[in-house]
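Visitor: A predicted structure for the sequence below; I have some questions about it.
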Amino acid sequence: MEISEPSIGIFYISKVLALAPYATRRNSKSQLEIRRSWLFTIYSAVLTVVMVFLTYRGLLFDANSEIPVRASFRMKSATSKVVTALDVSVVVMAIVSGVYCGLFSLNDTLELNARLIKIDNTLNAYNNFSRDRWRALGMAVASLGTIALLVGLDVGTWMRIAQEMSIPQSDTELNVQWYIPFYSLYFVLTGLQINFANTAYGLGRRFRRLNLMLTCSFLGEAKDCSSKKPQKVNAVKTISMMPTNTLHSSLTKLNSETLPNVSAGEKAAASSLILNVELLKLVPFPAKNKGLLLKAMADSHESLGKCVHLLSNSFGIAVLFILVSCLLHLVATAYFLFLELLNTRDYGYLWVQVLWIVFHLLRLLMVVEPCHLAARESRKTIQIVCQIERKVHEPILAEAVKKFWQQLLVVDADFSACGLCRVNRTILTSFSSAIATYLVILIQFQRTNG
């Protein structure tokens with residue numbers, strides 16, 4: 001998971017939801033250091049075990065209810081019992097896998113965030129952390145607010161149905177109350193999806209900014225290039241080129257004596273401005289320097305591809321169960337909706353089921369869209385490099401472009417769920433056909449069972 005300044009709010013939400021058993025602190029360079037928190041590790045494990053136990057206890061209570069002693073709401077037939085059991089179990093498995101990924105993916109998280117810090121330093125002139133922070137918080141607040149409203153409506157509808165039944169010597173509301181632990185798991189599930197979507201969207205955002213930087217630096221044809229105004233830096237002086245591992249130190253050197261009132265963060269931002277196309281226009285850079293600039297962006301693109309694989313490896317099992325939960329929830333919710341249409345037609349219940357279907361569709365898109373956008377932006381890079389290759393004539397720069405192009409031929413930036421399927425928009429058509437097929441089968445079983 002990404003733990004950075006723009007997404008620090010999502011990190012704290014994940015800690016509360018038992019998904020991120022880590023602790024952070026700032027070092028002398030004002031960077032976030034990530035380490036395991038044993039307190040939150042125990043909290044995550046204990047909370048998960050308790051919630052899973054209560055969820056299955058409530059499921060067994062409802063399954064063993066006998067009308068008219070205790071009216072069973074969702075298990076009136078054998079088919080309904082199977083559908084409800086799958087509905088609950090897939091949520092439990094998604095939660096358990098999400099907590100498991102948080103507990104045992106510390107090394108992947110450390111490597112992922114270390115790579116993201118280096119990439120952000122390279123793309124510093126094109127970053128907008130303030131906007132990224134508000135987008136992350138907006139996604140978290142909107143998602144959690146939606147599930148809270150929907151759970152409240154659903155529980156309220158079931159309580160109203162229980163009160164209308166009025167069965168003597170029977171506490172019909174107790175069936176509904178036993179489902180509250182299950183509904184609470186939806187908050188953890190939503191937090192897991194927010195965590196994954198924020199990280200995947202962050203990778204796609206960096207791919208897009210890398211493409212914009214390539215276009216502005218070597219083509220100058222992007223519409224956004226005109227909005228990038230040159231920033232004045234008075235303490236940057238050119239030095240001779242030396243073979244070194246750090247691009248910024250080989251291109252610029254900040255004179256600290258001329259910047260007595262400038263903070264360390266502003267100095268770092270100023271030093272990274274040498275990568276901006278505006279400075280390329282202001283200073284007569286030779287082709288070798290442009291080749292080093294292109295190599296830095298090639299390294300960033302390769303590092304982003306490795307970040308995609310790190311995220312797929314650390315969250316693969318969780319993403320797989322999330323996709324399965326979306327599929328089964330869409331089937332189960334549509335099944336109960338059709339049953340209600342064929343029977344009593346309680347309009348309050350019908351509208352709640354429609355809202356659940358919309359919510360599960362949004363959950364599916366919340367996983368698929370960030371992955372699809374990141375992969376699409378990654379594939380755009382090779383098109384930009386091909387355009388650059390047609391325009392450059394210096395032998396040194398042409399060689400750097402050729403190496404970048406060869407690298408892009410073998411880069412695979414597609415997300416996968418444990419290697420079983422690629423997470424992109426093509427999965428939506430597969431889900432649509434599967435939902436229609438299983439829904440028809442369930443309705444036929446229901447009619448057979450009466």
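Guide: Thanks, I have the structure now.
Visitor: Need the nearest residue in space to Phe431, chain neighbours excluded.
Guide: Closest residue to Phe431 apart from its sequence neighbours, by C-beta to C-beta, 6 or more residues apart in numbering: Leu327 at 5.8 Å. C-beta: built from backbone N, CA, C; applies to glycine.
Visitor: now for the helix or strand where the one you found lies, which elements pack on it?
Guide: For Leu327, the host element (DSSP states H and E) is helix 287-342. With contacts defined as 3 or more C-beta pairs under 8 Å, 6 or more residues apart in numbering; DSSP states H and E, the packing partners of helix 287-342 are helix 78-104, helix 106-122, helix 180-214, helix 247-251, helix 347-391, helix 395-410, helix 426-448.
Visitor: quick one on the thing from earlier: what is the burial count for the residue nearest to Phe431?
Guide: Applying other C-beta atoms under 10 Å, we find 19 residues neighbouring Leu327.
Visitor: roughly how far apart are it and His360?
Guide: To His360, Leu327 is 9 Å away according to C-beta to C-beta, to the nearest Å.
Visitor: What of Ile427?
Guide: Separation of Ile427 from His360 (C-beta to C-beta) stands at 14 Å.
Visitor: quick one: least confident helix or strand in this structure?
Guide: Every helix and strand of the chain was ranked by mean pLDDT, DSSP states H and E. The lowest is strand 236-238, at a mean of 37.
Visitor: surely Ile396 meets Leu292?
Guide: No: contact criterion C-beta atoms under 8 Å: Ile396 and Leu292 do not qualify, at 9.7 Å.
Visitor: Looking at those two, which has the bigger crowd around it?
Guide: Remark: of Ile396 and Leu292, Leu292 carries more neighbours, 19 against 15, as counted by other C-beta under 10 Å.
Visitor: what number of residues lie near Ser105?
Guide: Using other C-beta under 10 Å, Ser105 is surrounded by 18 other residues.
Visitor: Could you give the backbone dihedrals for it?
Guide: For Ser105, the backbone dihedrals (degrees, to the nearest 10) come out as phi -120, psi 30.
Visitor: For it, give its distance to Leu112.
Guide: 9 Å.
Visitor: Run the chain-centre distance for stretch 56-63.
Guide: The chain centroid and the centroid of stretch 56-63 are separated by 32 Å, computed with C-alpha atoms, centre = their mean, to the nearest Å.
Visitor: in that stretch, what counts as buried?
Guide: Of the residues in stretch 56-63, Tyr56, Gly58, Leu59, Phe61, Asp62 count as buried by neighbour count, 16 or more other C-beta atoms under 10 Å.
Visitor: Would you mind giving these as a markdown table with secondary structure, pLDDT and distance to Ala436 added?
Guide: Below are the buried residues of stretch 56-63 laid out as a markdown table (DSSP: H, G, I helix; E, B strand; the rest coil; pLDDT from 0 to 100; distance: C-beta to C-beta, whole Å):
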| residue | secondary structure | pLDDT | distance to Ala436 |
| --- | --- | --- | --- |
| Tyr56 | helix | 89 | 30 |
| Gly58 | helix | 84 | 31 |
| Leu59 | helix | 82 | 27 |
| Phe61 | helix | 80 | 33 |
| Asp62 | helix | 74 | 28 |
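Visitor: I'd like the residues you listed as TSV, with distance to Ile180 appended.
Guide: Converted to TSV, these look like this (distance: C-beta to C-beta, whole Å):
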residue	distance to Ile180
Tyr56	14
Gly58	8
Leu59	12
Phe61	12
Asp62	12
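Visitor: low-confidence ranges in the stretch 101-250 of the chain?
Guide: Residue ranges of the stretch 101-250 of the chain with pLDDT under 70: 165-173, 221-250.
Visitor: how about a cut-off of 90?
Guide: 102, 105-106, 108, 117, 119-130, 132, 154-183, 213-250 (pLDDT under 90).
Visitor: Spell out which residues sit in contact with Ala400, please.
Guide: Neighbouring residues of Ala400 by C-beta atoms under 8 Å, 6 or more residues apart in numbering: Lys290, Gly291, Leu294, Lys295, Ala298.
Visitor: Quick check, central residue of the chain?
Guide: Geometric centre of the chain, nearest residue: Ala197, 1.5 Å, by C-alpha atoms, centre = their mean.
Visitor: doesn't Met139 make contact with Asn198?
Guide: Yes: between Asn198 and Met139 there is a contact at 6.6 Å, judged by C-beta under 8 Å.
Visitor: Of the two, give the one with the bigger neighbour count.
Guide: Applying other C-beta under 10 Å to Asn198 and Met139 shows that Asn198 carries more neighbours, namely 24 against 19.
Visitor: Any buried residues in whichever helix or strand Arg135 is part of, and which?
Guide: Taking DSSP H and E as the definition, one finds Arg135 inside helix 129-165. Of all the residues in helix 129-165, those buried under the rule 16+ other C-beta under 10 Å are 132-133, 135-137, 139-140, 143-144, 146-147, 150-151, 154-155, 157-158, 161-162.
Visitor: Ok, stretch 356-363 next?
Guide: Neighbour-count burial for stretch 356-363 [16+ other C-beta under 10 Å]: Trp356, Phe359, His360, Arg363.
Visitor: List the contacts of that stretch.
Guide: The contact list for stretch 356-363, computed with C-beta under 8 Å, 6+ apart, reads 146-147, 150, 154, 190, 193, 322, 326, 329-330, 333-334, 337.
Visitor: can you rerun that using 10 Å?
Guide: For stretch 356-363, contacts defined as C-beta atoms under 10 Å, 6 or more residues apart in numbering pick out 142-143, 146-147, 149-151, 153-154, 186, 189-190, 193, 197, 322-323, 325-334, 336-337, 369, 428, 431.
Visitor: next one: stretch 83-91
Guide: 52, 55-56, 58-60, 62-63, 72-75, 77, 179, 182-183, 185-186, 188-189, 321-322, 324-329, 331-333, 335-336, 339, 438, 442, 445-446.
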